[in-house]
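S.K.: I'd like to go over a predicted model; first the sequence, then the structure.
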Amino acid sequence: MVALVSDLSPSAFQLLNAWQHGFPLESRPFRKLGLLLGLSEQAVMDYLQGWRSDGIISRIGPVLNPACMSSTLVGMPIPAKDLDRIANWISTLPAVNHNYAREHAVNLWFVLTCANEQERQATLDHIAQYTGLLPLSLPMLRAYHIDLGFSLTTHVKIASPLAPSHSLPALGSAERKLLERSLQGLEIQAEPFKPWAEHAQMSEKQVLQHLRSFLEQGVFRRFGLVLRHRTLGYSANAMCVWTVDNHRIDALGEELARQNGITLCYQRQPHPPHWNHNLFCMIHGKDRQHVLAHHAELNSRLGLGQFPQDVLFSTRCFKQRGALLGPAYHD
């Protein structure tokens, strides 16, 4: 897959790299991309179909702002002999969108995205009852940088302010039907928004207006290509965590978020005595040494080396998809 990406023409590379955000919200978006990149509409669709088949693209669509829902990162210490069984069961829960094994005593990490706090707690209770283990729920307190795409060049920071979150459309409304459908991603066809319009029983023009509003209101973090970085050769992926004094965490978090190569950065609520770290970021690299060197550089440059810390490399991906709206689990 890495050779495929490196051998792309400049226009094809720009299609894959640049259109992770700012995707054209108009009737024939692939024709618009072709005009911008010097490709035909069919060539754009052929590239995207091939990348989706190869697993390079997860989908084309929105990334939901987690602040609009009740979302939390959950860590669990799982005995090694039970890891696959429990992780695979966790992955069956509809509310779970990312689920990874990581190198640490707390070795399973997954994201729960629920409609509200009550549903989130019920899901955590369900997991505890099924596994007999304690799920450590670490809800996000503040986002410093979150899901604005994955640069394929030098990981140059994509600057964008964090738009304030907005409540989700009411259940049963046409806008909610559109939102739920959008999270499944666009079909790669000449007029991809028409099926969404039929599903939500509104005009295509209304669909595009609502999608723009979701971006402006902060319901969507971005709209565009969602890449699978592991398929692109970034197989050394580490969740880096520190325990930072509360009076210093915002300044350090904001500075950390500005550094190139940081794809996610946020403050999370700790879960003492089992988990005390409160500052999180992700570093992706093509090899372990690169990630560790980058981590050491951040410690030195930002003065983070003085704080208790851990580097948790991912060892296995059990599940990776965008958040969906629906029941958190099935009884």
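M.R.: Great, that's in hand. Keep in mind that what you see is a predicted model, and the values were worked out from it rather than measured.
S.K.: rest of the way, CA atoms for contacts and neighbours
M.R.: Will do.
S.K.: shouldn't Glu117 be in contact with Ser70?
M.R.: Yes - Glu117 lies in contact with Ser70 (CA atoms under 8 Å); the separation is 5.5 Å.
S.K.: Which of the two has more residues huddled nearby?
M.R.: In this view Glu117 and Ser70 are compared by other CA atoms under 10 Å, and Ser70 has more residues nearby, 18 against 14.
S.K.: Run a quick check on the more buried one versus Ala122, I expect a contact.
M.R.: No - using CA under 8 Å, Ser70 is not in contact with Ala122, being 11.9 Å away.
S.K.: Now for those two: what residues contact both?
M.R.: In the contact map built from CA atoms under 8 Å, 6 or more residues apart in numbering, no residue is linked to both Ser70 and Ala122.
S.K.: For Arg142, name its beta-bridge partners.
M.R.: Gln267 (DSSP bridges).
S.K.: Could you say which helix or strand holds Gly75?
M.R.: Using DSSP states H and E, Gly75 sits within strand 70-76.
S.K.: Adjacent strands (with direction) for that strand?
M.R.: Applying DSSP bridges, strand 70-76 is found paired with strand 108-114 (antiparallel), strand 136-146 (antiparallel).
S.K.: I'd like the next helix or strand past that strand.
M.R.: Assigned by DSSP H and E, the successor of strand 70-76 is helix 83-91.
S.K.: can you pull the buried residues of that following helix?
M.R.: By neighbour count with 16 or more other CA atoms under 10 Å, helix 83-91 contains the buried residues 83-84, 86-87, 90-91.
S.K.: Make JSON lines from the residues you listed and add distance to Glu180 and pLDDT to it.
M.R.: Below are these laid out as JSON lines (distance: CA to CA, whole Å; pLDDT from 0 to 100):
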{"residue": "Leu83", "distance to Glu180": "32", "pLDDT": "97"}
{"residue": "Asp84", "distance to Glu180": "30", "pLDDT": "97"}
{"residue": "Ile86", "distance to Glu180": "28", "pLDDT": "97"}
{"residue": "Ala87", "distance to Glu180": "26", "pLDDT": "97"}
{"residue": "Ile90", "distance to Glu180": "22", "pLDDT": "96"}
{"residue": "Ser91", "distance to Glu180": "20", "pLDDT": "95"}
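S.K.: quick check, nearest of those to Lys194?
M.R.: Set against Lys194, the nearest of these by CA to CA is Ser91 (31.7 Å).
S.K.: And that closest one, how far from Arg212?
M.R.: 32 Å (CA to CA, to the nearest Å).
S.K.: what does Glu255 give?
M.R.: 30 Å.
S.K.: Need the three-state assignment for Gln206.
M.R.: Under the three-state scheme (DSSP: H, G, I helix; E, B strand; the rest coil), Gln206 adopts helix.
S.K.: now it, nearest residue through space, not along the chain?
M.R.: Distances taken as CA to CA, 6 or more residues apart in numbering place Ala197 nearest to Gln206, at 8.0 Å, with adjacent residues excluded.
S.K.: next one: Gln14
M.R.: Using CA to CA, 6+ apart, the closest residue to Gln14 is Leu37 (7.7 Å).
S.K.: what do you get for Gln201?
M.R.: Gln201's closest residue in space is Ala174 (CA to CA, 6+ apart), at 6.8 Å.
S.K.: right, and that neighbour touches Met202 too?
M.R.: Yes - counting by CA under 8 Å, Ala174 does reach Met202; the two are 7.4 Å apart.
S.K.: follow-up on the earlier one: so which of the strands paired with strand 70-76 is the most surrounded?
M.R.: strand 108-114 (a mean of 25; mean count of other CA atoms under 10 Å).
S.K.: ok, and what's touching it?
M.R.: Applying CA under 8 Å, 6+ apart, the set of residues contacting strand 108-114 is 66, 69-78, 83, 87, 95-102, 120, 323-325, 327-328.
S.K.: List buried residues within those.
M.R.: 66, 69-78, 83, 87, 95-102, 120, 323-325, 328.
S.K.: CA atoms only for stretch 39-50 - export them in PDB, please.
M.R.: What follows is stretch 39-50, C-alpha atoms only, in PDB (Å, rounded to 0.1, in the frame of the first residue of the first chain):
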ATOM      1  CA  LEU A  39      -8.700  14.700 -13.700                       C
ATOM      2  CA  SER A  40     -12.000  13.600 -15.200                       C
ATOM      3  CA  GLU A  41     -14.900  12.900 -13.000                       C
ATOM      4  CA  GLN A  42     -14.600   9.200 -13.800                       C
ATOM      5  CA  ALA A  43     -10.900   9.100 -13.000                       C
ATOM      6  CA  VAL A  44     -11.600  10.600  -9.500                       C
ATOM      7  CA  MET A  45     -14.300   8.000  -8.800                       C
ATOM      8  CA  ASP A  46     -12.000   5.200 -10.100                       C
ATOM      9  CA  TYR A  47      -9.200   6.300  -7.700                       C
ATOM     10  CA  LEU A  48     -11.500   6.500  -4.800                       C
ATOM     11  CA  GLN A  49     -13.100   3.100  -5.500                       C
ATOM     12  CA  GLY A  50      -9.700   1.500  -5.700                       C
END
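S.K.: For that stretch, what is the distance to the chain centroid?
M.R.: 25 Å (CA atoms, centre = their mean, to the nearest Å).
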